[in-house]
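>>> here are the coordinates; sequence isn't available:
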Ligand SMILES: C[S@@+](CC[C@H](N)C(=O)[O-])C[C@H]1O[C@@H](n2cnc3c(N)ncnc32)[C@H](O)[C@@H]1O
């Protein structure tokens, strides 16, 4: 059962007539060293984002298979990417980000983790010119699209994803969805403010304000990815939105299943509750997470 504040926020979103405007991120590309450091610290696998990273990791593992070439758009400090890459040693990954500051952290983290299957590329997700048409087996992106300045840039990104992804390829794009009420946005932004640096809380607040509405994801998926992916959101309140292809053919390797189970078992109990809430809200919205047991 979700907590009372979450249920109150849900009720507010259902009845609210407010339409909080989308406000562009103050830092479109994250290259302020202090903010990059705060995001990296709070975002590492044992930080406040741990359950969310695990949820997305399990989702990504459904749409990739051994032998693939997979691109992560807006990889940031590569926490999410490294988690997926460690579990999938037979997959080749390319992390893309526009911020050299982030890529430096990502490269250092990849080296620290001894990841031989990850490369990095400085590029704009709206122009993936370094990749040929139908040249990759899967694309994923986690909480990066809200950094784009406007819906035209979001559309260019969708068009690029459709271009570089081979037919039948895997796709998992996830980002925040725009909430109706500023109070709901503030609730989520400050929910864990006692467990994380203030800069991270502010970054989260700006991210939620910059989120694109669910309707934009739906329209652009219909236009560029029809028949290749579906849009899902958390139940009744699109706090998070996912654009996902069907799971790929073939078995998920046993090592991946075992690795996910181990990561889940290692979560502290309060993180397990958060993971359960996220799974419940997505399951009710039509998106199951079978690899999490
Ligand atoms: C909030 S971070 C997400 C990082 C990572 N995916 C994660 O889940 O932790 C968003 C990242 O997107 C990058 N970014 C923003 N606009 C971009 C663009 N147009 N092209 C490539 N990267 C971009 C930022 O530099 C930042 O590293």
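Structure's in. What do you need? Remember, predicted model here, so these are calculated numbers, not experimental data.
>>> where's residue 119 relative to the ligand, distance?
Remark: distance between residue 119 and the ligand (Cβ to the nearest ligand atom, to the nearest Å) = 15 Å. (Each C-beta comes from the backbone N, C-alpha and C, glycine too.)
>>> Tell me the spacing between that residue and residue 189.
The gap separating residue 119 from residue 189 is 34 Å, by Cβ to Cβ, to the nearest Å.
>>> What is the least confident helix or strand in this structure?
None of the helices or strands of the chain scores lower by mean pLDDT, DSSP states H and E than helix 33-43, at a mean of 73.
>>> Distance from the chain centre to that one, please.
Centroid displacement of helix 33-43 relative to its chain, using Cα atoms, centre = their mean, to the nearest Å, is 17 Å.
>>> quick one, what contacts the residue nearest to residue 193 when sequence neighbours are not counted?
Using Cβ to Cβ, 6 or more residues apart in numbering and skipping the chain neighbours, the partner closest in space to residue 193 is residue 201 (4.6 Å). By Cβ atoms under 8 Å, 6 or more residues apart in numbering, the residues touching residue 201 are 189, 190, 192, 193.
>>> which one of those has the most neighbours?
Counting neighbours by other Cβ atoms under 10 Å, residue 189 leads the contacts of residue 201 with 19 neighbours.
>>> any low-confidence regions in the protein?
Along the chain, segments meeting pLDDT under 70 span 28, 42-43, 45.
>>> dump the residue contacts of residue 261.
So residue 261 contacts residue 293 (Cβ under 8 Å, 6+ apart).
>>> redo that, cut-off 10 Å
Neighbour list for residue 261: 291, 292, 293 [criterion: Cβ atoms under 10 Å, 6 or more residues apart in numbering].
>>> Check residue 17 too.
Contacts for residue 17 (Cβ under 10 Å, 6+ apart) come out as 180, 181.
>>> closest point of the stretch 51-200 of the chain to the ligand, which residue?
Of all residues in the stretch 51-200 of the chain, residue 76 sits closest to the ligand, at 2.5 Å by Cβ to the nearest ligand atom.
>>> so what's that residue up against?
Shown in contact with residue 76 (Cβ under 10 Å, 6+ apart): 30, 36, 39-40, 43, 95, 97, 99, 102-103, 105-106, 142-144, 147.
>>> taking the residues you listed one by one, which sit in helices?
Residues of the contacts of residue 76 located in helices (DSSP state H): 36, 39, 40, 43, 102, 103, 105, 106.
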